[in-house]
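J.: For reference, the sequence and a predicted model appear below.
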Amino acid sequence: MATKTNGEIDYAKSDSAIGLNWYAIDPNLSKLMDRYVPPADRDWAEGILQRWGELCGGPVAERAEIIDKNPPILDRYDRWGDEIASVVHHPAAIDQKRDIWDEGPIGVAARDDREVPTVLNSAFTYLLSQSDTGMVCSTGMTGGVEGLVDRYAPPDVREQVLPRLQSPTYDGSWDGAMFMTEVRGGSDLAASEATAKQVNGKWVVNGAKWFCSNVDARAIATLARPEGAEAGLRGLALFLVPGERSDGTRNGIHIKRLKDKLGTRSVPTAEIELIDAEAHIMSNPKATESEARGLNRMMGMVNGSRMGVATMGLGIMRRSFVESAIYAANRMAFGKRLDQLPLVQETLVNMIVAVEAVSAIVFEAASLASGRGDEEGRRLYRILIPLTKFKGARGGLELASQAVEMHGGNGYIETFPAARQLRDAQCHTIWEGTENIICLDVLRAMGKESAHDALLNRVDAALSAVSHPSLSPMKDAVAQARREAHEIIAFTARADNDVRQLNSRRVTTALSDLSQAALLLEAAQGELDASGDARKAAVARFFIRERLGGTGALRGISDDRSVLDLFEAITRYQPLAPEKLPAAV
Ligand SMILES: Cc1cc2nc3c(=O)[nH]c(=O)nc-3n(C[C@H](O)[C@H](O)[C@H](O)COP(=O)(O)OP(=O)(O)OC[C@H]3O[C@@H](n4cnc5c(N)ncnc54)[C@H](O)[C@@H]3O)c2cc1C
């Protein structure tokens, strides 16, 4: 078996996160893998993650900086002046894709002839996002389109396209993309204006799409309204638009321009016009129910992408912590290392606690992604998707901003690592549904599917596993939050629509905090059982104190100095004796 991750970490020994094995320095990830990867796959997964952690922390991270400064460009005409509108990537981006394809989940699954468990897939995403979150967009889209083609494409199309999307090597592979947003809006898809009609027995799609990431993909999922279909969401059908027509000529996908983006510059995002683009329908436009399913089917992909974005945000949270810890261990101020100053210690503890709290719900959700076969699991996954997207995306932005500040003025400068993370992180709160839309989706999951019941049952299961005396005050605090969640749910059910929407962010915050707290406590109990280590209990305590603690002007003002006493144990993953935990939350 490859070396397991267990090391205590000395951030002063490095001056950059680049060059480290990002899996080997992340014992929390290793423990999550112990918890969620099926035992028969765990040793296999260990070797893969060691390799992937080395790649992501090494060449992939180095190239990400080069690609950010040399983003894709649009080559509009060939030398004869004919329009080609071809996207040209820097050679580093091609090397990047090749490594990601060949060494990532697709290559590994093909090489080892083994299915990659969903949590391992999420670990791939988490590590890759720490170096190049834009590239995760292209791999994520490809995986999403693969799922749609697999389930819904006509058999001959499936046979032709699927092997390309699942190609075990980069050479010969096709990327996927998803074009939904139009100039009039991305949240309100009912307003979509793209149309579809049948010409000589073939579908063609016309219309403009306003945000098209991974635009040079060869297999594009899009929404369009078949002629005569009703207005609104129900009239939208799902289409696959290939890069080439069936006669081998270029399809009618006209790139108008590439967006000049704040971040995620490694993936090209474009405005495009579909002009008589040949397409394959992936739902039946004649039957009303099937038309409605066009959007539903696309939403299946969007839900997968939302999980992906949550994990991408989590990756940025982690990178932001590691870069901050390294900088603070090396930089001096007032005659001390930054990480010996109380406020800096508190910031670093808060950052790592936030990383572990979000990772608790992200990997719990990932473990449900392929379905555990019961309705309760489906509903739990349903509500965890928006909760994780909410927390991961916002957490990435918040921690990237803190990392910039931890680096002082240098943080604001592009030659240091934090600035790009902050630019990239902002995208995650927007794409695949803005934060508002995500909060409304939580209400939808509650109202239509009572998904909160599955969440509360999961919280109860976690709490019932907690028995160690040192966890008792925390368990009481979470149980109290669990009771309050009942009141929140009852309030949500009786409030009028405007008031319900007004409160949706608070409801989302409360439910996500509750589930993070319960899962952290469950993990804390697991670590106490396994090795007597109370480090995770300390993480859970800080989270619960911060997120479920009291309100009012005096909140948090006390002579408690536990953050200073436990700083080393928490940030450097040192084992902690249960007696060292403060008695009260
Ligand atoms: C870098 C990048 C890449 C992208 N790539 C793709 C892609 O590949 N494919 C694709 O289809 N799309 C893509 N998008 C588009 C993205 O999904 C949309 O920007 C997003 O869904 C929001 O839509 P919008 O920009 O039209 O904003 P709008 O829908 O106009 O929203 C504007 C504001 O209004 C708020 N709002 C809207 N409706 C409500 C409501 N009911 N209640 C409360 N607030 C509301 C939103 O939260 C937001 O703050 C990308 C976006 C970015 C930034």
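T.: Structure received.

J.: ok, now which ones touch whichever residue of the chain sits closest to the ligand?
T.: Residue of the chain nearest the ligand, by CB to the nearest ligand atom: residue 186 (2.5 Å). Glycine gets a C-beta too; all of them are placed from N, C-alpha and C. By CB atoms under 8 Å, 6 or more residues apart in numbering, residue 186 lies in contact with 180, 210, 211.

J.: Against residue 433, how distant is it?
T.: 8 Å (CB to CB, to the nearest Å).

J.: next one: stretch 66-79 to chain centre, how far?
T.: Offset of stretch 66-79 from its chain centre (CA atoms, centre = their mean, to the nearest Å): 27 Å.

J.: Do that stretch and the ligand come into contact?
T.: No - figure legend: stretch 66-79 not in contact with the ligand (CB under 6 Å from any ligand atom); closest approach 11.9 Å.

J.: Touching that stretch from outside, list them.
T.: For stretch 66-79, the external contacting residues (CB under 8 Å, 6+ apart) are 83-90, 92-93, 96, 132, 134, 216, 255, 257-258, 265-268, 270, 420.

J.: can you pull the pLDDT of the nearest residue to residue 535 once chain neighbours are set aside?
T.: Among residues not flanking residue 535 along the chain, residue 576 sits closest, at 4.5 Å (CB to CB, 6 or more residues apart in numbering). Residue 576 carries a pLDDT value of 96.

J.: re earlier: can you flag the buried ones in the contacts of stretch 66-79?
T.: 85, 87, 89-90, 92-93, 96, 132, 134, 216, 255, 258, 265-268, 270, 420 (16 or more other CB atoms under 10 Å).

J.: Give me the subset of those residues lying in helices.
T.: Judged by DSSP state H, helices contain the following of the buried ones among the contacts of stretch 66-79: 92, 93, 96, 132, 134, 420.

J.: Nearest to residue 563 among those?
T.: Distance to residue 563, by CB to CB, is smallest for residue 420 among these, at 29.1 Å.

J.: Tell me the secondary structure of residue 354, please.
T.: Assigned with DSSP: H, G, I helix; E, B strand; the rest coil, residue 354 falls in the helix class.

J.: Verify the stated contact: it with residue 318.
T.: No - the criterion here is CB atoms under 8 Å, and residue 354 misses it with residue 318 at 9.9 Å.

J.: more crowded one of the two?
T.: Ranked by neighbour count (other CB atoms under 10 Å), residue 354 and residue 318 place residue 318 first, with 30 against 26.

J.: That one looks like it's in a helix, true?
T.: Yes - remark: residue 318 belongs to a helix, assigned using three-state DSSP.

J.: Surely it and residue 126 touch.
T.: Yes - Residue 318 lies in contact with residue 126 (CB under 8 Å); the separation is 7.1 Å.

J.: With only the CA atoms kept, save stretch 182-196 in PDB.
T.: Taking Å, rounded to 0.1, in the frame of the first residue of the first chain, the C-alpha atoms of stretch 182-196 are listed here in PDB:
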ATOM      1  CA  GLU A 182     -29.300  33.500 -23.000                       C
ATOM      2  CA  VAL A 183     -28.800  37.200 -23.100                       C
ATOM      3  CA  ARG A 184     -32.100  37.800 -21.400                       C
ATOM      4  CA  GLY A 185     -31.200  35.700 -18.400                       C
ATOM      5  CA  GLY A 186     -29.800  32.600 -16.900                       C
ATOM      6  CA  SER A 187     -31.900  32.300 -13.800                       C
ATOM      7  CA  ASP A 188     -35.200  32.600 -15.700                       C
ATOM      8  CA  LEU A 189     -34.900  29.900 -18.400                       C
ATOM      9  CA  ALA A 190     -38.500  30.100 -19.200                       C
ATOM     10  CA  ALA A 191     -37.600  33.200 -21.200                       C
ATOM     11  CA  SER A 192     -35.300  31.100 -23.500                       C
ATOM     12  CA  GLU A 193     -35.700  32.100 -27.200                       C
ATOM     13  CA  ALA A 194     -33.700  29.500 -29.000                       C
ATOM     14  CA  THR A 195     -35.900  27.500 -31.400                       C
ATOM     15  CA  ALA A 196     -35.700  24.100 -33.000                       C
END
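
J.: Got the confidence number for the residue of the chain most remote from its centre?
T.: Ranked by distance from the centre of the chain (CA atoms, centre = their mean), the top residue is residue 80, with 43.3 Å. Looking at residue 80, its pLDDT stands at 94.

J.: Would you confirm that it belongs to a strand?
T.: No - counting by three-state DSSP, residue 80 is located in no strand; its state is coil.

J.: Would you list the phi and psi of it?
T.: Note on residue 80: its backbone torsions stand at phi -100, psi 10 [degrees, to the nearest 10].

J.: Likewise for residue 110?
T.: Dihedral angles (degrees, to the nearest 10) for residue 110: phi -70, psi -50.

J.: residues in contact with it?
T.: 166, 168, 169.

J.: Residue 23 is in contact with residue 49, correct?
T.: Yes - contact criterion CB under 8 Å: residue 49 and residue 23 qualify, at 4.6 Å.

J.: In contact with residue 242, which residues are there?
T.: Contacts of residue 242 by CB under 8 Å, 6+ apart are 161, 218, 219, 220, 251, 278, 280.

J.: May I see the ChimeraX selection of the buried members of these?
T.: Buried residues within those, by 16+ other CB under 10 Å, are selected in ChimeraX with:
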select :161,218,219,220,251,278,280
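
J.: now, which of the contacts of residue 242 lie close to the ligand?
T.: Near the ligand, by the rule CB under 6 Å from any ligand atom, you find none of those.

J.: where does the stretch 201-350 of the chain come near the ligand, residue by residue?
T.: Counting by CB under 6 Å from any ligand atom, the stretch 201-350 of the chain sits next to the ligand at 211, 212, 213, 261, 264, 269.

J.: could you redo the last one with a cut-off of 8 Å?
T.: Within the stretch 201-350 of the chain, the positions lying close to the ligand (CB under 8 Å from any ligand atom) are 209-215, 259, 261-264, 267, 269.

J.: same deal with the stretch 451-585 of the chain?
T.: Within reach of the ligand by CB under 8 Å from any ligand atom, the stretch 451-585 of the chain has these residues: residue 501.

J.: just the helices in the stretch 451-585 of the chain please.
T.: All helices of the stretch 451-585 of the chain, identified by DSSP state H, counting those that start in this stretch, fall at 451-465, 472-494, 497-502, 504-531, 535-548, 562-565, 567-571.

J.: Of the ones you listed, which stretch is the most buried?
T.: Highest mean neighbour count among those (mean count of other CB atoms under 10 Å): helix 535-548, with a mean of 24.
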